[in-house]
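>>> sharing a sequence plus its predicted fold:
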Amino acid sequence: MASVPRRTFVALGAAALLGVSACGTAAQPTGQAPAQSQGPWTWTDDRGKNISSPQRPRRVVAQSAAAAALWDFGVRPIGVFGPHKLKNGGRDPEVGEVDISKVESIGNVWGEFNVEKYASLQPDLLVAGMYMKDTLWYVPEQSVEAVDQIAPTVGVQLSGKGLVEIIDRYGRLAGALGADLDAAPVVEARKRFEAASGALKTLAAERPDLKVMIVTATPDSLYVAYLPDHPDIKYWSELGLNIVSPEKPTESEGGFWEVLSWENADKYQADVILVDARSQSMKIDEMAGKPTWAKLPAVKAGQLYPWHAAERYSYLGYAKVLEELKADLEKARDDVVK
């Protein structure tokens, strides 16, 4: 496996699926946000930037995870950038329920953003999450000035925020863009999320000794998730799950992780290890060749399950994550760490 750029792991604060269909308003034209309302449109984003437009934006382009969240609330972007198509042509889990056959691709990998194609779409608005302060996720630094000249941009802060707070923020943005937040699919997804949260909380109370660690990896290093910097992991901890987390992240990495050499991969031990499931991350079978990894209790017990590190921030997206996590943990032993 090719090495994943370290900055990708650093910036990925937290974040990738079955059940309720994507939320939406069927009467809206495919590829656009819901119909415009009369009068000006305003929004203050999480950079403190005030965006104003004579009318509600309809032609929205969004980073894949942001597009997925907006889609679940009923907004239909016309273009996406960031991971959305796998090598086999299938839909990348990071783009959620978005129909990639009906949106334009502005770029599919880190550093790829076709400014000319973006401009040709005549966008009204660009939306992206932000893991680093005031930095739109997957908008290359060298393209920021050009992108800003084409259409207004909205940033949604992801790190340093609570999971439910971020989901609510995307929901309110979707509502401002015309989505019906009282539509049955949206309401059902929220109920499903709340039920899944309650079920995981019950499991955590019943299994207090079950230790869970979350990791991602490159051929050179093992990255152990630092709980406070990942909204999803922090939420699980708030529900009572026993999370194995470093006391502090590796400072040179900008937070989010403690970075361990493979020689020191046995620094922390847990009954269960959740492994980054993103397509660009090191796979479990690739990690099996690392001697210290192979000796970890959870690895020897076969208690390795996926962590959807780039899941979209919607009730539907995280309902699925919570349901899968509960199902995995239910079958796990809590006595593999001696």
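Done, it's in.
>>> what are the phi and psi values for residue 253?
Dihedral pair for residue 253: phi -90, psi 0, per degrees, to the nearest 10.
>>> from residue 274, how far out is the nearest residue to residue 257 once chain neighbours are set aside?
Counting by CB to CB, 6 or more residues apart in numbering, the nearest residue to residue 257 once its immediate chain neighbours are dropped is residue 223, at 4.1 Å. C-betas here are computed from N, CA, C, even on glycine. Distance of residue 223 to residue 274, given as CB to CB, to the nearest Å: 12 Å.
>>> need the residues touching each of these two.
residue 215 (CB atoms under 8 Å, 6 or more residues apart in numbering).
>>> if we can go back for a sec, hang on, the residue nearest to residue 257 in a helix?
No. The secondary structure assignment for residue 223 gives strand rather than a helix, going by DSSP: H, G, I helix; E, B strand; the rest coil.
>>> what's opposite it in the beta bridge?
Legend: beta-bridge partners of residue 223 under DSSP bridges are residue 216, residue 259.
>>> show the contacting residues for it.
Neighbour list for residue 223: 9, 215-217, 257-260 [criterion: CB under 8 Å, 6+ apart].
>>> got TSV for those residues, with neighbour count, pLDDT and distance to residue 231 too?
As requested, the contacts of residue 223 are arranged in TSV below (neighbours: other CB atoms under 10 Å; pLDDT from 0 to 100; distance: CB to CB, whole Å):
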residue	neighbour count	pLDDT	distance to residue 231
9	23	41	16
215	26	98	17
216	25	96	16
217	25	96	21
257	25	95	15
258	20	96	18
259	20	97	20
260	20	97	23
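>>> nearest to residue 186, of those?
Taking CB to CB as the measure, residue 186 sits nearest to residue 216 out of the contacts of residue 223, at 31.1 Å.
>>> now the helices for the chain?
For the chain, the helices identified by DSSP state H occupy 6-11, 64-73, 115-120, 144-150, 163-176, 184-206, 231-238, 284-287, 291-294, 297-300, 315-330, in order along the chain.
>>> make JSON lines from those and add distance to residue 107 to it.
What follows is these, written out as JSON lines (distance: least, CB to CB, whole Å):
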{"stretch": "helix 6-11", "distance to residue 107": "14"}
{"stretch": "helix 64-73", "distance to residue 107": "10"}
{"stretch": "helix 115-120", "distance to residue 107": "9"}
{"stretch": "helix 144-150", "distance to residue 107": "12"}
{"stretch": "helix 163-176", "distance to residue 107": "21"}
{"stretch": "helix 184-206", "distance to residue 107": "28"}
{"stretch": "helix 231-238", "distance to residue 107": "25"}
{"stretch": "helix 284-287", "distance to residue 107": "26"}
{"stretch": "helix 291-294", "distance to residue 107": "33"}
{"stretch": "helix 297-300", "distance to residue 107": "36"}
{"stretch": "helix 315-330", "distance to residue 107": "22"}
